[in-house]
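Asks: Whatever this is, show me its structure:
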Amino acid sequence: MRPTLLIRWLLLTVALIAAGPLRAAQTILVWGDSLSAGYGVDSQRGWVRLLEQKLGTQADAALRGWTVVNGSVSGETTAGGLSRLPAALARHRPALVLIELGGNDGLRGLSLKAMRANLETMIALVRKAGATPLLFEMRIPSNYGQRVTERFQKAFAEVAEATGTKLVPFFLAPVADDRPKWFQDDGIHPNTAAQPLLLDAVWPQLVPVLRAPAASRAAAAP
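Replies: Below is the predicted model:
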């Protein structure tokens, strides 16, 4: 090997060692309803798109090496999400799946028992595919009555406990108390200005999971 080529090879080797081991890109699959699909919001300004952008600017390599796939569908129920999930897992092979479903079940007065069963089955499918699930707590408006709203909210904690799944607290909480400011005219869907606040509510729950080695995430599953 000529001296010049040898020097270049040595410099490249040193640079690679200093940079640390290369990390293959991994996928986050967001599996939600209109709140994550960005109903009524510019496609580039929904909280899921903002998450993808934020991950791309992180100095921490453990946070930067992620791809975000948004599989959310407006109007989706847990039954619909369950029916679509196997194909999405096979196609995208995610490392993490954020399950943000159940709101439409509550708004339509569907069975809580069926909703819990659907969520638990989705969590089981995610783990069977070698991915880590994160379950989002959902709520319904107070006009459904205190007993109904409390039972609905409690169902997510019950699923999380039964399956050993990390529960992300209700991510609309930062904006829920000022609907004229943060919501669209329907009073249900957050507006564009609210989207960064939704991401801010999810981010602290997500970062520790993203930073955890893949083996640790897999070991956390019961």
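Asks: How about the contacts made by Asp105?
Replies: Thr77, Thr78, Ala79, Ser111, Leu112, Ala114, Met115 (CB atoms under 8 Å, 6 or more residues apart in numbering). The C-beta positions use only the backbone N, C-alpha and C, and glycine is treated the same way.
Asks: want to throw those residues into a markdown table with pLDDT, secondary structure and neighbour count?
Replies: As requested, the contacts of Asp105 are arranged in a markdown table below (pLDDT from 0 to 100; DSSP: H, G, I helix; E, B strand; the rest coil; neighbours: other CB atoms under 10 Å):
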| residue | pLDDT | secondary structure | neighbour count |
| --- | --- | --- | --- |
| Thr77 | 98 | coil | 22 |
| Thr78 | 98 | helix | 25 |
| Ala79 | 98 | helix | 17 |
| Ser111 | 97 | coil | 11 |
| Leu112 | 97 | helix | 17 |
| Ala114 | 98 | helix | 13 |
| Met115 | 98 | helix | 23 |
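Asks: Name the SS class of Leu89, please.
Replies: Assigned by DSSP: H, G, I helix; E, B strand; the rest coil, the conformation of Leu89 is helix.
Asks: Next, Thr27: secondary structure please.
Replies: Secondary structure assignment for Thr27 (three-state DSSP): strand.
Asks: Look up how far Thr165 lies from Gly130.
Replies: As defined by CB to CB, to the nearest Å, Gly130 lies at a distance of 15 Å from Thr165.
Asks: Return the helix or strand in this protein with minimum mean pLDDT.
Replies: Of all the helices and strands that make up the chain, the one with the lowest confidence by mean pLDDT, DSSP states H and E is helix 3-19; it has a mean of 47.
Asks: what about the helices in this protein?
Replies: 3-19, 34-37, 47-56, 61-64, 78-92, 103-107, 112-128, 146-163, 173-176, 179-182, 195-211, 214-219 (DSSP state H).
Asks: which of the contacts of Asp105 lies closest to Val126?
Replies: Sorting the contacts of Asp105 by distance to Val126 puts Thr78 at the head of the list, at 13.5 Å, by CB to CB.
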